[in-house]
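Enquirer: Curious how this folds, go ahead:
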Amino acid sequence: MQTFAHIMTKYLPLWVGLDIILAITVGYLFPAVSVLEHLVPLLLFLMLYPMMVTLRIEEVGNALKHPKLLATAMVLNFAVTPLLGWLWGHIFFSGTNSYLTAGFILKTLIPGSGMVAAWTGYARGKVGSALVIVAVSLLLSLVMVPFWMWVLAGAYVTIEPLVIFRAMGLIVVAPLVAGVLTRRYAVRRWGQAKFQERAKVFPVISTCAMMPMLFIIVSFQAVMIVENLYWMLLVIVAIGTMYPLLYMAAIAFAKIGGVDYGDAVAMGYSVTAKAHAITIGVAATVFAGTPAVLPAAVAPVIQVPLMLAMLKTSGRVERYLSPRAVPEQAA
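Expert: So this is what the prediction gives:
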């Protein structure tokens, strides 16, 4: 299982790319594949529930221990990112489909990738700080995402904030409650150490559920995508240019605020890595049958390589934040 999990994670962009190609091909040649639509709610739950089992929502209680870090991360997540996402959406998708612009804005708005803790750990950052930021961001997104979609995406498509709020509540809260209860039961039964070991399977389950989910929602749009293949390239370029800016902004804010390297990296990944599963769920629910799902579907192709590229800069980031503490030859 660990080998399978490693292969799925390491080559995620490849699997997603192949999945999208297969979905476009099958959906274009066999439109009747739309009969699979009834599987969407089940796959959505299978995507989100495993992610919520591994989320330590109790970390929210530790938020007051990191007020400056948390406040900075929330400003980046819910003030800087929405405006930058709107600007990028306007630049890259003007003249395409309005729902594509709305879908891109939505994609940039929902923080809290399940891999944030892992990326933070790889970069020798403070995983605990990353968990706090992710937990608080996820809860705030229930209100902030409907608000910003109404303010920013409402210029392109009709937005009903209450509909998005209900979708966010259903998609986030129900799996979250189930995940928290499962986690508490499992820890009581097996102990924290054994649970942590067995919990490694959950991200793999979530990823495996994401593949057929992507297949179904992309196959619905196959004809439109084939006629506008450059849309996928636009999404990749837009994300590939915007996400590094978010990471650099987080590091710059950390430098200005005197945040140490461990917390800065945690904030950087928490602000940059977006939640694929939740975004796909909201887009498929609120904007069903429109190209709004495309940015969320294509994003994993580029997000993982971007996170790896950012990981390669860890040594430079550490020297930038603590020039006297890190030797010049450090990696």
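Enquirer: Which residue comes closest to residue 148 once chain neighbours are left out?
Expert: Counting by Cβ to Cβ, 6 or more residues apart in numbering, residue 148 lies nearest to residue 82, which is 4.4 Å off, once chain neighbours are set aside. Bear in mind the C-beta positions are built from the backbone N, C-alpha and C, glycine included.
Enquirer: What average pLDDT does the helix or strand hosting that neighbour get?
Expert: Using DSSP states H and E, residue 82 maps to helix 81-93. Helix 81-93 comes out with an average pLDDT of 95.
Enquirer: which parts of that helix are buried?
Expert: Buried residues in helix 81-93, counting neighbours by 16 or more other Cβ atoms under 10 Å, are found at 81, 82, 84, 85, 86, 88, 89, 92, 93.
Enquirer: starting at the chain centroid, how far to stretch 211-222?
Expert: Relative to its chain's centre, stretch 211-222 lies at 18 Å (Cα atoms, centre = their mean, to the nearest Å).
Enquirer: what's the average pLDDT for that stretch?
Expert: Average pLDDT, stretch 211-222: 83.
Enquirer: Can you dump the C-alpha atoms of that stretch in PDB for me?
Expert: Extracted C-alpha coordinates of stretch 211-222, given in PDB (Å, rounded to 0.1, in the frame of the first residue of the first chain):
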ATOM      1  CA  MET A 211      -9.800  10.200 -10.700                       C
ATOM      2  CA  PRO A 212     -13.300   8.900 -11.700                       C
ATOM      3  CA  MET A 213     -14.800  12.200 -10.400                       C
ATOM      4  CA  LEU A 214     -12.600  14.100 -12.800                       C
ATOM      5  CA  PHE A 215     -13.400  11.700 -15.600                       C
ATOM      6  CA  ILE A 216     -17.100  12.200 -15.200                       C
ATOM      7  CA  ILE A 217     -17.100  16.000 -14.900                       C
ATOM      8  CA  VAL A 218     -14.600  16.500 -17.800                       C
ATOM      9  CA  SER A 219     -16.400  14.000 -20.100                       C
ATOM     10  CA  PHE A 220     -19.500  16.100 -19.700                       C
ATOM     11  CA  GLN A 221     -17.600  19.000 -21.300                       C
ATOM     12  CA  ALA A 222     -15.700  17.000 -23.900                       C
END
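Enquirer: where does the stretch 1-150 of the chain dip in pLDDT?
Expert: Low-confidence segments of the stretch 1-150 of the chain (pLDDT under 70): 1-2, 5-6, 9, 57-64, 114.
Enquirer: what ranges do the strands span in it?
Expert: Counting by DSSP state E, counting those that start in this stretch, the stretch 1-150 of the chain has no strands at all.
Enquirer: Can you show me the helices along it?
Expert: Using DSSP state H, counting those that start in this stretch, the helices found in the stretch 1-150 of the chain span residues 2-10, 12-29, 40-54, 67-75, 81-93, 98-109, 116-122, 127-152.
Enquirer: out of those helices, nearest to residue 314?
Expert: Closest to residue 314 of the helices of the stretch 1-150 of the chain is helix 116-122 (Cβ to Cβ; 8.3 Å).
Enquirer: So which elements touch that closest one?
Expert: helix 127-152, helix 261-272, helix 293-312 (3 or more Cβ pairs under 8 Å, 6 or more residues apart in numbering; DSSP states H and E).
Enquirer: Check the offset of it from the chain's centre.
Expert: Counting by Cα atoms, centre = their mean, helix 116-122 is centred 14 Å from the centre of its parent chain.
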